[in-house]
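Asker: Sequence first, then the predicted structure:
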Amino acid sequence: MLIGALLPVVACSGGGDATPDPTRPTTSTSAVPTTRSQSTSTAAAPSSTANETTSPPTAVPADAELNDAVRAAVAAGGDGCDPLDTRHCYLPFPSDAATVADHTTATGLRVALPDTGAPRNSSGVPIDVAEWNRNDGFSPSSTILTSIPDLDAEESNLPSWTDIEGSLDADTPVVIVDLETGERVPLWAELEQRIDAPGDGLLVIHPAISLPEGHRFAVALRGLSTTGGEEVRAGPVFRSYRDRLRTDIRSVDDRRIEMERMFAGLAEAGIQRENLVLAWTFTVASTDSITRRVVHARDATLAELGDRAPAFAVTTVTDAPEPGIGRLVEGTFTVPNWLIGDGTAGNRFQYSVDTARDPDALPVVNGTVEAPFACMIPAAVLDGGRPARLVQYGHGLLGSHLEIDAGNIVDMGNEHRAIYCATKWAGMSEDDVGNAVASLQDMSNFPTMSDRMQQGMINQIVLGRLMLAAGGLAATPAFTRPDGSPLADADPGLVYDGNSQGAIMGLALAALSPDIDRAALGVIGINYSILLPRSVDFDDYDTIFRPAYPDPVDRLLIISMIQMLWDRGEGAGYVQHVTTDPLKDEPTDVLLHVAFGDWQVSELSAYIAARTMGVPVHRPITRRSREVDPGWGLPSLDVERDRSALVIWDSGSDPIPIEDVPPRTSRDPHGDPRSDIDVRRQKAAFLFDGELIDICNGQACRAEAG
């Protein structure tokens, strides 16, 4: 994490207890972790003062009118709901109000979303939040939601993604503070565009970085205006905390100590309580909470394999199936099955215990599964010359391993002597389309997607071992010439190339696979909670999602909620462990390619990934960018020094909209970078030689329109 280098420290951390006070008679608790290095990924151990009872701060009794208003707000939500925002039980989201103290977790908390407040589908079925409640915090890529009635976004001067630096101004109306470090978090905020009734839109806040794991944050709002030109005023519950007005509602006053700690942390960051209209805290899940299942499965799988290749079978060898392809090799390989049943779509992790009683339980092996693979041997390699490099490939959205016959992959293989092999991304392949549709109709099913995505990571890691190990693919007749000479050279190691979904999930694979040294990630993004509303790819799925969950507030909450589970299987949950703080012996170098104006994967999410990893950007960036300072927060690329890079490729498409809607004007440039011969030349130099080259000659980078 390079947030400390990226942002100015506006105040020192304010100390405080490391864990919630377990003596408080309430289910709504929070924690202020002890100050520690930002490179540490989990919260500090509980302090010796954790069991000390703290007296509530001095407060004067509220008048009868305020007391009645607070009582009404509490009654409006029901048990377990947060009365700070009565629009929906789960608002504001995420919030430490939806946690309980748990000394067994790295953060000292356990998520406790109330069952009764969960979004319901059109059949009246609430989401079963049991899997969410296993987490010890919320997503580091949280989309933050709250309701401010009749909010005027323009008059409130909400910080835009076009000027991220402006979100750190002293008077900005939307603030996020890391309560461990005292640092302000760069962000942008917008009014939701999909709620039609005037004044009903939700305020949506996007951190412009992946938030440090295990840290606690305060969200603070001030200086907002209504569409009628009036100043937004605090609600009764928040006013009682802000103005130190004691009520006779125990559940409200039991939270007062937590809120005072928050106000103290905000004050140290220069944010005074008197000006606030709403503020609350939330805690980000620890590294362990996000990654422990797949890391456990990876380590056990590789320990069982040792130096051996997994069992496999070559089932089909087809010579010259298409122009440019010398040979297509297909088959299956054996992988431990960590899912119930036969491991197909719709199956959850297999556990030997009840996870409701043991939320930190780890999955266990349930036999094996046969995963498919396909390898594309280019015609230029089959015809003779030196052995080819091995590249593991990741396919696109809900696609197939047979995507290796795509024109850009075939061209890359022939131009740079590379053999590409792929398997399906279990959890997000063509086999999972039906289960994705089922999840859109009942989000209680979504954990099946998250678990199978993690099984997909294990499949990918085992494929990499199959490509490298002695006795693996390279030793088969399909990978040798008639004279016995090898077609593939496994000695230089394994590299990864993926586009779109293959880049989103490939970022996670880059963090997890011990065999991948470098990864080229084309049209990269992270964080589906940002990607979905800004992608034309979601159009078809939204026609299923909307009637299943007709309440637009529910839909917004669901997209933010499921990121907590999506983190376990996509790049957003691993971005802090790629170039630094690795989950394996060594970090991975990455080359990130972005299509300017992309209709499918928003470039905003690529910037978030690059800022989080500290990856430098090629400058100059196209002058057509809407940003005040394109690539703000990123160092400029030095090809002689840097090992990773972000490159923005402009093929002439319109800039993306400022609003959180998909681009739909001019043309979609999503496939342009990978189809450009110069882009492939830069990618090959990086993957095969470990070199970053400036093929743009010091100018903004342009790709040919496909």
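Answerer: Nice, I can see it. Residues are numbered from 1 along each chain as shown.
Asker: Can you give me the buried ones in stretch 627-647?
Answerer: If you call a residue buried by 16 or more other Cβ atoms under 10 Å, then stretch 627-647 has these buried ones: 627, 630-635, 637, 643-647. For glycine as for every other residue, the C-beta is placed from the backbone atoms N, C-alpha and C.
Asker: got a list of what the residue nearest the centre of the chain touches?
Answerer: When Cα atoms, centre = their mean is applied to the chain, the residue found nearest the centroid is Ala572 (2.3 Å). The contact partners of Ala572, taken as Cβ atoms under 8 Å, 6 or more residues apart in numbering, are Ser139, Pro140, Ser141, Ser210, Ile526, Asn527, Tyr528, Gln563, Trp566.
Asker: Need the nearest residue in space to the last one, chain neighbours excluded.
Answerer: It refers to Trp566. Closest residue to Trp566 apart from its sequence neighbours, by Cβ to Cβ, 6 or more residues apart in numbering: Tyr528 at 5.3 Å.
Asker: Distance of the one you found relative to Asp537?
Answerer: Applying Cβ to Cβ, to the nearest Å, the value for Tyr528 to Asp537 is 11 Å.
Asker: Repeat that for Tyr549.
Answerer: On the measure of Cβ to Cβ, Tyr549 and Asp537 end up 19 Å apart.
Asker: Repeat that for Gly223.
Answerer: 37 Å.
Asker: higher neighbour count, the two?
Answerer: Set Gly223 next to Asp537 and count neighbours by other Cβ atoms under 10 Å: Asp537 wins out with 20 against 15.
Asker: Quick check: phi and psi at the nearest residue to the more buried one once chain neighbours are set aside.
Answerer: Using Cβ to Cβ, 6+ apart and skipping the chain neighbours, the partner closest in space to Asp537 is Gln600 (5.1 Å). The phi/psi pair for Gln600 (degrees, to the nearest 10) reads phi -110, psi -40.
Asker: what's Gln600 in contact with, if anything?
Answerer: Going by Cβ under 8 Å, 6+ apart, Gln600 touches Leu397, Ser500, Val523, Ser535, Val536, Asp537, Asp668, His670.
Asker: and of the residues you listed, the nearest to Pro119?
Answerer: Closest approach to Pro119 among these (Cβ to Cβ): Ser535, at 21.4 Å.
Asker: measure the closest one to Gln501 for me?
Answerer: For Ser535 relative to Gln501 (Cβ to Cβ), the value is 11 Å.
Asker: ok, the closest residue to Asp551 other than its chain neighbours - how many residues close by?
Answerer: Closest residue in space to Asp551, ignoring its immediate chain neighbours: Pro119 at 7.1 Å, by Cβ to Cβ, 6+ apart. Pro119 has 21 neighbouring residues, counting by other Cβ under 10 Å.
Asker: Is it correct that Pro119 is in contact with Ile127?
Answerer: Yes: between Pro119 and Ile127 a contact is recorded at 5.6 Å, counting by Cβ atoms under 8 Å.
Asker: Determine the residues that are contacts of both of the two.
Answerer: With Cβ under 8 Å, 6+ apart, Pro119 and Ile127 have common neighbours Met443, Ile558, Met561.
Asker: Just name the shakiest helix or strand of this structure by mean pLDDT.
Answerer: For the chain, counting by mean pLDDT, DSSP states H and E, helix 3-6 ranks last in confidence among helices and strands (a mean of 45).
Asker: what sits against Ala220?
Answerer: Val174, Val175, Ile176, Val177, Leu266, Ile271, Leu276, Leu278, Ala279.
Asker: Just among these, which is most surrounded?
Answerer: For the contacts of Ala220, neighbours tallied by other Cβ under 10 Å; top is Val177, 27 neighbours.
Asker: Contacts only, for it.
Answerer: Val177 neighbours (Cβ under 8 Å, 6+ apart): Glu183, Arg184, Val185, Phe217, Ala218, Ala220, Gly265, Leu266, Ala269, Ile271.
Asker: Output the below-cut-off pLDDT ranges for the stretch 151-300 of the chain.
Answerer: 193-199 (pLDDT under 70).
Asker: Strands of that one, start to end?
Answerer: Taking DSSP state E, counting those that start in this stretch, the strands of the stretch 151-300 of the chain run over residues 174-178, 187-191, 202-207, 216-222, 245-246, 276-283.
Asker: so which of those comes closest to Thr423?
Answerer: Proximity to Thr423 (Cβ to Cβ) singles out strand 202-207 among the strands of the stretch 151-300 of the chain, at 33.1 Å.
Asker: Can you work out which other helices and strands pack against that closest one?
Answerer: strand 144-147, strand 174-178, strand 187-191, helix 552-566 (3 or more Cβ pairs under 8 Å, 6 or more residues apart in numbering; DSSP states H and E).
Asker: does the residue lying farthest from the centre of the chain count as helix, strand or coil?
Answerer: Residue farthest from the centre of the chain, counting by Cα atoms, centre = their mean, is Asp483 at 48.5 Å. Recorded secondary structure, Asp483: coil (DSSP: H, G, I helix; E, B strand; the rest coil).
Asker: sorry, back to before: out of the contacts of Ala220, who's nearest Ala189?
Answerer: Proximity of those to Ala189 (Cβ to Cβ) peaks at Val174, which lies at 4.5 Å.
Asker: Quickly list what that closest one is bridged to.
Answerer: In this structure, Val174 bridges to Leu221 when assessed by DSSP bridges.
Asker: Also the one 4 residues further on?
Answerer: Beta bridges link Asp178 to Phe217, judged by DSSP bridges.
Asker: hey, where'd the strands end up in the stretch 451-600 of the chain?
Answerer: 488-489, 494-499, 516-522, 589-595.
Asker: Which among the ones you listed is found nearest to Leu109?
Answerer: With Cβ to Cβ as the criterion, Leu109 lies closest to strand 589-595 of the strands of the stretch 451-600 of the chain, at 31.8 Å.
Asker: Taking strand 516-522 as reference, get the angle to that closest one.
Answerer: 10 degrees (axes from the mean of the first three to the mean of the last three Cα atoms, to 10 degrees).
Asker: Give the other helices and strands that strand 589-595 contacts.
Answerer: Applying 3+ Cβ pairs under 8 Å, 6+ apart, we find strand 589-595 packed against helix 501-512, strand 516-522, helix 603-613, strand 645-649, helix 672-675, helix 677-689.
Asker: What about Glu570, how many residues nearby?
Answerer: Burial of Glu570 is recorded as 28 neighbouring residues (other Cβ under 10 Å).
Asker: you'd agree it is up against Ala508?
Answerer: Yes: look at Glu570 against Ala508 with Cβ under 8 Å: they come within range, at 5.8 Å.
Asker: and the protein, what are its domains?
Answerer: Using automatic domain parsing, the domain parsing of the chain gives 9-45+60-285, 289-491, 493-527+570-706.
Asker: Of those, which is nearest Asp542?
Answerer: Judged by Cβ to Cβ, the one of the domains of the chain that comes nearest to Asp542 is domain 289-491, at 8.6 Å.
Asker: Span of that closest one from start to end?
Answerer: For domain 289-491, the first-to-last residue distance is 36 Å (Cα to Cα, to the nearest Å).
Asker: how close does Glu659 sit to Pro207?
Answerer: Distance of Glu659 to Pro207, computed by Cβ to Cβ: 18 Å.
Asker: returning to what we had before: so which of the buried residues of stretch 627-647 comes closest to Glu370?
Answerer: Nearest to Glu370 out of the buried residues of stretch 627-647 is Ser644 (Cβ to Cβ; 35.4 Å).
Asker: ok, that closest one - contacts?
Answerer: Going by Cβ under 8 Å, 6+ apart, Ser644 touches Thr579, Asp589, Val590, Leu591, Leu592, Met613, Val615, Pro616.
Asker: burial measure for the fifth one, as a count.
Answerer: Other residues near Leu592 number 25, with proximity taken as other Cβ under 10 Å.
Asker: Was I right to think it contacts Leu637?
Answerer: No: using Cβ under 8 Å, Leu592 is not in contact with Leu637, being 10.9 Å away.
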